[in-house]
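In: here are the coordinates; sequence isn't available:
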């Protein structure tokens, strides 16, 4: 357990150094894969790729417009959602464990629909406990397949968005099916296979055995759940999904048995999304612009760590009279302590990966403020597969627009002009998250159906729980504050609305913008061109994130975690 601040910051620094250090080689590998350049895996994977194209009738050399690309993305996601929904409703008739006696949470149609949407959007919002709701085959076939497929689909959209900025005078942005297959074969499958083998070595189970009944020294009986955990565990993080095999997620020793397993899981979450900034810079011909975006991400990451670590590492004021030293450990696994718990909370809330190893409902108000803000400002700090890169570029475009207003010039980014049509798409993108999150939170807090979910907490903490739920759903993250009872018809439907808007609403706007950029010629740089590869531009993007986030969400945060912090 890492207890003192210097040792915690040593761990944080090591993690960030590894993420930044791996960004370049992984980012360059992504360029090779999606531009069709030779790789070491080609002799094995090229025949498989060609076979898949023949099987599904895909013409790999035929590219798509932004509209067709978006339609393929939507249809692919809809088929995956429907298939998973049917499988979940039929899971009672699936062979294998666990025994019916352990499946105490009914798989109702609304819960099945919510779960299917959750996994097909990489949200993996879980209004259930895996060990008391899911058959082994439901998890190993239904959930694992969506972890791969939905993750690869998101990565494909991110690559298509980059192409939009990289190309000029082009009517196309790539082929969705080609990008999907390459993301699966060259990236997710090899990495997940290697990572899963490491987890099995570290002690994560992979079996179909029945639950074990253990007799304790006190004379009681303890049920030990198990199953094909390793099949789900690594890809849930790599595909920025985060749905746990067990209700305790990463706090369960079968999901996170050793410090090495936990650290690798966090790297799996952050490295690919961070590397896409390098991919962006290389594909657009502006490598330094990609590094500037990664620098903004790193600065926000360190700031979030500092606030969350300060809140959770300090002695709770409520226990001052008892002379308790060190951070409050309520809701934290003693194996991990404050350091691992804070690092995991910040890393998983930065992207679309809602896995966790501590209960955020027990965090100090300023401690829970950090993951909440990370989700509310969009996936701009590393982010999800594909979604992270277009999220940070979108806010960079807002910064460019504001700078253009200040100097009286037509704004442009990487030689692409922001005209009226482009500006409208960027504005809609920026307004969609606050419109959805704040509207749904207001409905939940002012209706009986929504208030019924606040079974343990009310007041400012209850406000935070509701806001957290919709922020998590909209960010396709999936984290929850456990004090909210979300398995009800109201929350299953409303969180599904937020998940769909966060996945397809934002992706649709990003692809539409990519199509407009691809069709433009590239403007020549002049003395009046705003450089996008300087420290000053990075500072402008950082300031824009903070200002826009504050304008959108500060009133809601003031009624939730900030007000709760002032009450302590």
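Out: Perfect, I can see it now. Remember, it's a predicted structure, so these values are computed and weren't measured experimentally.

In: Do you know the pLDDT at residue 451?
Out: The model reports residue 451 with a pLDDT of 92.

In: Pull the contacting residues for the residue nearest the centre of the chain.
Out: Among the residues of the chain, the one closest to the centroid is residue 352, at 0.6 Å (C-alpha atoms, centre = their mean). Residue 352 makes contacts with 122-123, 154, 240-242, 379, 383-385, 387-388, 475-478, as judged by C-beta atoms under 8 Å, 6 or more residues apart in numbering. C-beta coordinates here come from the backbone N, C-alpha and C atoms, glycine included.

In: Okay, and which of those map to helices?
Out: The helices, defined by DSSP state H, take in 154, 387-388 from these.

In: Rounded mean pLDDT for stretch 133-150, please.
Out: On average, the pLDDT along stretch 133-150 is 93.

In: and if you look at stretch 422-441?
Out: 96.

In: What ranges does the stretch 401-550 of the chain have for its helices?
Out: Assigned by DSSP state H, counting those that start in this stretch, the stretch 401-550 of the chain shows helices spanning 420-446, 448-451, 459-474, 489-500, 506-519, 535-559.

In: The stretch 1-150 of the chain now?
Out: With DSSP H, counting those that start in this stretch as the criterion, the stretch 1-150 of the chain has helices spanning 5-34, 42-56, 66-89, 109-120, 136-137, 144-166.

In: out of these, which comes closest to residue 228?
Out: Judged by C-beta to C-beta, the one of the helices of the stretch 1-150 of the chain that comes nearest to residue 228 is helix 136-137, at 5.9 Å.

In: Next, give phi and psi for the closest residue to residue 62 other than its chain neighbours.
Out: Leaving aside its chain neighbours, residue 62 sits nearest to residue 175 (6.4 Å; criterion: C-beta to C-beta, 6 or more residues apart in numbering). When quoted as degrees, to the nearest 10, the phi and psi of residue 175 stand at phi -120, psi 120.

In: show me what contacts residue 175?
Out: Contacts here follow C-beta under 8 Å, 6+ apart; on that basis residue 175 touches 58-60, 62-64, 69.

In: moving C-terminal of the one helix or strand residue 289 maps to, what's the next helix or strand?
Out: Per DSSP states H and E, residue 289 falls inside helix 287-313. Counting by DSSP H and E, the next helix or strand C-terminal to helix 287-313 is helix 337-350.

In: Packing partners of that following helix?
Out: helix 5-34, helix 259-283, helix 287-313, helix 365-376 (3 or more C-beta pairs under 8 Å, 6 or more residues apart in numbering; DSSP states H and E).

In: Tell me what angle it forms with helix 287-313.
Out: 140 degrees (axes from the mean of the first three to the mean of the last three C-alpha atoms, to 10 degrees).

In: and helix 337-350, average pLDDT?
Out: For helix 337-350, the mean per-residue pLDDT is 91.

In: What of stretch 481-488?
Out: Stretch 481-488 shows a mean pLDDT of 86.

In: could I get the ones in helices among the contacts of residue 352 as TSV with distance to residue 45 and pLDDT?
Out: What follows is the ones in helices among the contacts of residue 352, written out as TSV (distance: C-beta to C-beta, whole Å; pLDDT from 0 to 100):
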residue	distance to residue 45	pLDDT
154	20	96
387	25	92
388	25	93
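
In: from these, which single one is nearest residue 284?
Out: Residue 284 has its nearest neighbour among the ones in helices among the contacts of residue 352 in residue 388, at 16.1 Å by C-beta to C-beta.

In: Find the residue closest to the closest one in space, skipping its chain neighbours.
Out: Closest residue to residue 388 apart from its sequence neighbours, by C-beta to C-beta, 6+ apart: residue 273 at 4.0 Å.

In: Check that neighbour and give its pLDDT.
Out: Residue 273 is assigned a pLDDT of 95 by the prediction.

In: A strand includes residue 213, no?
Out: Yes. Secondary structure of residue 213 (DSSP: H, G, I helix; E, B strand; the rest coil): part of a strand.

In: Surely residue 277 touches residue 287?
Out: No. Residue 277 lies out of contact with residue 287 (C-beta atoms under 8 Å); the separation is 9.9 Å.

In: Which residue of the two possesses the greater neighbour count?
Out: residue 277 (28 against 17; other C-beta atoms under 10 Å).

In: Quick check: that one vs residue 388, distance?
Out: Per C-beta to C-beta, to the nearest Å, residue 277 is found 8 Å from residue 388.

In: what's the answer for residue 448, then?
Out: Taking C-beta to C-beta, one finds residue 448 at 38 Å from residue 388.

In: Those two - which one has more neighbours?
Out: Each of residue 448 and residue 388 has its neighbours counted (other C-beta under 10 Å); residue 388 has more, 29 against 7.

In: How about the contacts made by that one?
Out: Residue 388 sits next to 158, 273-274, 276, 351-352, 379-382 when contact means C-beta under 8 Å, 6+ apart.

In: quick one on the thing from earlier: hang on, isn't the residue nearest to residue 388 packed against residue 383?
Out: Yes. Under the criterion of C-beta under 8 Å, residue 273 makes contact with residue 383 at 4.9 Å.

In: Give me the common contacts of those two.
Out: The contact sets of residue 273 and residue 383 overlap at 240, 351, 389 (C-beta under 8 Å, 6+ apart).

In: and the first one, how many residues sit next to it?
Out: So that's residue 240. Residue 240: 37 surrounding residues under other C-beta under 10 Å.

In: And the last one, by the same measure?
Out: A total of 30 residues lie near residue 389 under the criterion other C-beta under 10 Å.

In: Excluding covalently adjacent residues, which one is nearest to it?
Out: That would be residue 276: by C-beta to C-beta, 6+ apart, it lies 4.2 Å from residue 389.

In: From residue 125, how far out is the one you found?
Out: Distance, residue 276 to residue 125, using C-beta to C-beta: 24 Å.

In: Kindly report the same for residue 161.
Out: Residue 161 is 24 Å from residue 125, where distance means C-beta to C-beta.

In: Please identify which of those two sits among more neighbours.
Out: residue 161 (31 against 28).

In: residues contacting that one?
Out: Contact partners of residue 161, counting by C-beta under 8 Å, 6+ apart, are 173, 386, 389-390, 393, 510-511, 513-514.

In: how about a cut-off of 10 Å?
Out: Residue 161 makes contacts with 66, 69, 173-174, 276, 280, 386-387, 389-391, 393-394, 507, 510-511, 513-515, 517-518, as judged by C-beta atoms under 10 Å, 6 or more residues apart in numbering.

In: just checking, residue 389 touches residue 293?
Out: Yes. Here residue 389 reaches residue 293: they are 8.0 Å apart, a contact under C-beta atoms under 10 Å.

In: List the contacts of the closest residue in space to residue 364 that isn't next to it in sequence.
Out: Spatial nearest neighbour of residue 364, excluding adjacent residues (C-beta to C-beta, 6+ apart): residue 311 at 4.3 Å. Contact partners of residue 311, counting by C-beta under 10 Å, 6+ apart, are 327-328, 338, 342, 363-370, 561, 565.
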